[in-house]
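Q: generate a structure from the sequence data that follows.
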Amino acid sequence: MSPVQSVRTALFYLLLALSACFWCILSVFVAPLLPFRARYRFVNQTWCRFAVWLAKVLVGIRYEVKGLENIPRQPCVILAKHQSTWETFFLSALFEPLSQVLKRELLHIPFFGWAMAMLSPIAIDRNNPKAALKQLAKQGHERLQKGAWVLIFPEGTRIPAGQIGKFSRGGAALAVNANLPVLPVAHNAGEFWPKEGWGKRPGTIQVVIGPSLHAEGSGPRAIAELNDRAFAWVAQAQREIGALRADATPTESVEPT
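A: Purely as a prediction, here's the structure:
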């Protein structure tokens, strides 16, 4: 990374942190006065759009999206590739209102966690996978019934660029039990915003939103088949945008997401 890019990246992190502190403090006082959808827009969507814009202006991370026409009108379960923090910002800004699976510990962070708690996230304990799966099934279904999208990273953790993790079945099970489709999303954000290190590389992220995938039937077999189709679509889309090595083999996912 060049000295200029290093300075730009450091400035990006500084402004991102300052904006997060300011916006979370403001949100703690303003958000409780707003209905849920307006609260989501104020707390999360506005700031996430700012974060994506800041990455574009300061470190040169742009993006192109294909498949916007595939987004259904009715909220469903989003199964997205996970490589960096960028896609969390982008997807939170694109879909609203959106409920996201996150670590319970994040809600304990002053102001940031308090603001997040007002957005009805699915805050799980990753040290208790069985309980987390039950929580995902129950709360995820409730969020969908209330008209919120549910974002799940089925690999369970950020996977380095060029690789792919196995998909856990929690997201597919949630969709099947709610009689809703899954919406697969592929991208190559990790090439410009890597999992490891603080460096950022300028370039254009390719985001591909796939067609809605519906289960064929119900029960465990239908869940497994839908999960396999979602994985196959994401893997193929990753290959088509040059974001998956030819010799890549799926790594084990981290439950429950």
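Q: those helices in the chain, which residues are they?
A: Per DSSP state H, the chain has helices spanning 3-30, 36-40, 46-59, 86-94, 112-117, 129-145, 170-177, 219-240. These are given in chain order.
Q: for the spatially most central residue of the chain, which residues are in contact?
A: For the chain, the residue nearest the mean C-alpha position is T88 (4.1 Å; Cα atoms, centre = their mean). The contact partners of T88, taken as Cβ atoms under 8 Å, 6 or more residues apart in numbering, are C48, Q100. For the C-beta atoms, the positions are set from N, CA and C on the backbone; glycine is no exception.
Q: would you mind finding the most buried of the helices of the chain?
A: Most buried of the helices of the chain by mean neighbour count (mean count of other Cβ atoms under 10 Å) is helix 170-177; its value is a mean of 26.
Q: low-confidence regions, this protein specifically.
A: Along the chain, segments meeting pLDDT under 70 span 252-257.
Q: rewinding a little: for L102, which of the helices of the chain is the nearest?
A: Across those, L102 has its closest neighbour in helix 112-117 (7.3 Å, Cβ to Cβ).
Q: now what about the closest one, what contacts it?
A: Under Cβ under 8 Å, 6+ apart, the answer for helix 112-117 is A20, W23, C24, S27, V28, A31, V43, L102, L106, L107, A123.
Q: restrict that helix to CA atoms and write it as CSV.
A: Below are the C-alpha coordinates for helix 112-117, written out as CSV (Å, rounded to 0.1, in the frame of the first residue of the first chain):
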residue,chain,number,x,y,z
PHE,A,112,-23.1,1.7,19.8
GLY,A,113,-24.6,-1.4,21.4
TRP,A,114,-27.5,0.6,22.8
ALA,A,115,-28.3,2.0,19.4
MET,A,116,-28.1,-1.4,17.8
ALA,A,117,-30.4,-2.9,20.4
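Q: spatially, which residue comes closest to S212, not counting chain neighbours?
A: P181 (3.9 Å; Cβ to Cβ, 6 or more residues apart in numbering).
Q: what's near enough to touch that neighbour?
A: Taking Cβ under 8 Å, 6+ apart, we find P181 in contact with P72, C76, V77, A175, S212, L213, H214, A215.
Q: just the buried residues from those residues, in ChimeraX please.
A: Command for ChimeraX that selects the buried part of the contacts of P181, burial taken from 16 or more other Cβ atoms under 10 Å:
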select :76,77,175,212,213,215
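Q: many thanks, I have nothing further to ask.
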